[in-house]
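[1] Have a look at this fold, sequence not included:
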């Protein structure tokens, strides 16, 4: 048995293999509500053999959406369709997961295909989509040309922390079995963590412990509304790739603080705190973020997930076998091939007869293979 296709357990939840579907924003929700697009989009990954299927970033408040098309879970009415989705994923043998988020100063943005700029009066005219006031730990804009966020008051902070807890309760009612908190890529929690975005002088800013406080309080709020037997993960940007920003050693300390309040896994990504340009320090190649997952796993003594520019099954097998991470998350590779896990299993000698496929597909594929082999056509 390869490590990639061995089971893995967090708390009382067992994943049938080590492959996770990374959250992928679709921007197709309406007023935060899921519809059949999300059912088909996420359901096909469960059919394709991934052990863990995460939703896209799901806002805990309406004003915490990045775009008008973001998924949300700030309303009990939003549970119904999500429950249909989690039921399907579970029936296919995968674990349904949700990524809870708040965009902070990156809120009120256009969808990528509309230009990835702040929503403006032009959007009102073209799409009947109006801008809204964004918030952040400090009154520092995301990038040049972006609106300055309103600095969050103590009441704002407590409200958002509570909103994460309320969304966790709804996540349970919707049938999810693992929560990942989006604390990376310049979203609100990352903004509190990074000294580049958080220049507060109160107990929510300044030193590392204070900058970690918001993330810790969010984790505590979720844990108070989330079953002890279900795991909780955080996605962190392990480095900002910018001078004066978060460095890997900072992320290790954040992971330790989160572990102490009931977080079970760190999904290790990087970057995203300011602007759309790639930082000069960031060198992109296959698996370029894996060393951060390895460092956090070792130094913070917590399970980690490796993510980003990974596509070769043998590379992933080596990452897992050498203990650099505990799970692997894929996104665009699965958009290109939702059946990637099944194909990877075959390439690693773990599936000779399409046994891992849903029987409705595997039976036909196996029949075709026998005929093709008999006739020598391939």
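    Received it, and whenever you're ready, just let me know what you need. Everything quoted here is computed from the prediction, not taken from an experiment.

[2] The stretch 101-250 of the chain: strands as residue ranges?
    135-136, 150-151, 178-183, 232-237 (DSSP state E, counting those that start in this stretch).

[3] Of those strands, give the one that comes closest to residue 60.
    Checking those against residue 60 by CB to CB gives strand 178-183 as the closest, at 9.6 Å. Any C-beta I mention is one placed from the backbone N, CA and C, and that applies to glycine too.

[4] related to what we said a few turns ago, mind putting the strands of the stretch 101-250 of the chain in JSON lines, mean pLDDT, distance to residue 369 and mean neighbour count included?
    Below are the strands of the stretch 101-250 of the chain laid out as JSON lines (pLDDT from 0 to 100; distance: least, CB to CB, whole Å; neighbours: other CB atoms under 10 Å):
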{"stretch": "strand 135-136", "mean pLDDT": "98", "distance to residue 369": "55", "mean neighbour count": "24"}
{"stretch": "strand 150-151", "mean pLDDT": "98", "distance to residue 369": "60", "mean neighbour count": "14"}
{"stretch": "strand 178-183", "mean pLDDT": "99", "distance to residue 369": "35", "mean neighbour count": "27"}
{"stretch": "strand 232-237", "mean pLDDT": "98", "distance to residue 369": "38", "mean neighbour count": "26"}
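
[5] residue ranges with poor pLDDT in the chain?
    Low-confidence segments of the chain (pLDDT under 70): 277.

[6] try 80
    275-280, 282, 352 (pLDDT under 80).

[7] which residues in it form helices?
    Taking DSSP state H, the helices of the chain run over residues 36-47, 79-91, 121-127, 154-173, 188-193, 208-223, 248-259, 290-300, 313-321, 332-336, 340-347, 359-375.

[8] for these, which one ends up most surrounded?
    Highest mean neighbour count among the helices of the chain (mean count of other CB atoms under 10 Å): helix 188-193, with a mean of 28.

[9] Check which helices and strands that helix is in contact with.
    Packing partners of helix 188-193 (3 or more CB pairs under 8 Å, 6 or more residues apart in numbering; DSSP states H and E): strand 135-136, strand 178-183, helix 208-223, strand 232-237.

[10] returning to that earlier point: quick one: closest of the helices of the chain to residue 54.
    Comparing the helices of the chain by CB to CB, helix 36-47 comes nearest, at 8.4 Å.

[11] Mind listing residues that contact that closest one?
    The contact list for helix 36-47 (CB atoms under 8 Å, 6 or more residues apart in numbering) reads 21, 26, 28-29, 53, 55-56, 71, 81, 84-85, 88-89, 92-94, 96, 334, 338-339, 358, 361.

[12] and the angle for that helix with helix 359-375?
    Using axes from the mean of the first three to the mean of the last three CA atoms, to 10 degrees, the direction of helix 36-47 lies 50 degrees away from that of helix 359-375.

[13] Mind putting the helices and strands packed on helix 188-193 into CSV with distance to residue 158?
    As requested, the helices and strands packed on helix 188-193 are exported to CSV (distance: least, CB to CB, whole Å):
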stretch, distance to residue 158
strand 135-136, 13
strand 178-183, 17
helix 208-223, 9
strand 232-237, 20
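
[14] So which of those is nearest residue 122?
    strand 135-136 (23.0 Å).

[15] Please name the strands paired to the closest one in the sheet, noting orientation.
    strand 150-151 (parallel) (DSSP bridges).

[16] ok now the partner strand, how far from the chain's centre?
    26 Å (CA atoms, centre = their mean, to the nearest Å).

[17] and what of stretch 142-160?
    22 Å.

[18] Let the chain start at 14 from now.
    Renumbered: residue one is now 14, and that last one reads stretch 155-173.

[19] who touches that stretch?
    Contacts to stretch 155-173, defined as CB under 8 Å, 6+ apart, come from residues 73-74, 77, 115, 117-119, 121, 130-131, 144, 146-154, 199, 201, 213, 217, 227, 230-231, 287-289.

[20] Residue 100 is in contact with residue 187, correct?
    No - the criterion here is CB atoms under 8 Å, and residue 187 misses it with residue 100 at 9.6 Å.

[21] on that earlier part again, out of the strands of the stretch 114-263 of the chain, nearest to residue 207?
    Using CB to CB, the strands of the stretch 114-263 of the chain put strand 245-250 closest to residue 207, at 7.9 Å.

[22] Hey, what's the angle from the closest one to strand 191-196? Just curious.
    Using the same axes, to 10 degrees: strand 245-250 against strand 191-196 is 30 degrees.

[23] Could you spell out the sheet neighbours of strand 245-250, each with its direction?
    Applying DSSP bridges, one finds strand 245-250 paired with strand 191-196 (parallel), strand 278-282 (parallel).

[24] I'd like to know which of these is closest to residue 306.
    strand 278-282 (4.0 Å).

[25] follow-up on the earlier one: turn the helices of the chain into a markdown table, columns for distance to residue 280.
    Shown next, in a markdown table, are the helices of the chain (distance: least, CB to CB, whole Å):
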| stretch | distance to residue 280 |
| --- | --- |
| helix 49-60 | 16 |
| helix 92-104 | 19 |
| helix 134-140 | 32 |
| helix 167-186 | 16 |
| helix 201-206 | 13 |
| helix 221-236 | 13 |
| helix 261-272 | 11 |
| helix 303-313 | 8 |
| helix 326-334 | 14 |
| helix 345-349 | 16 |
| helix 353-360 | 18 |
| helix 372-388 | 30 |
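
[26] now for those helices, which one comes closest to residue 22?
    Comparing the helices of the chain under CB to CB, the one sitting nearest is helix 326-334, at 14.6 Å.

[27] Any chance you could list what contacts that closest one?
    15-17, 31, 299-300, 303, 319, 323, 338-341, 357, 360-361.
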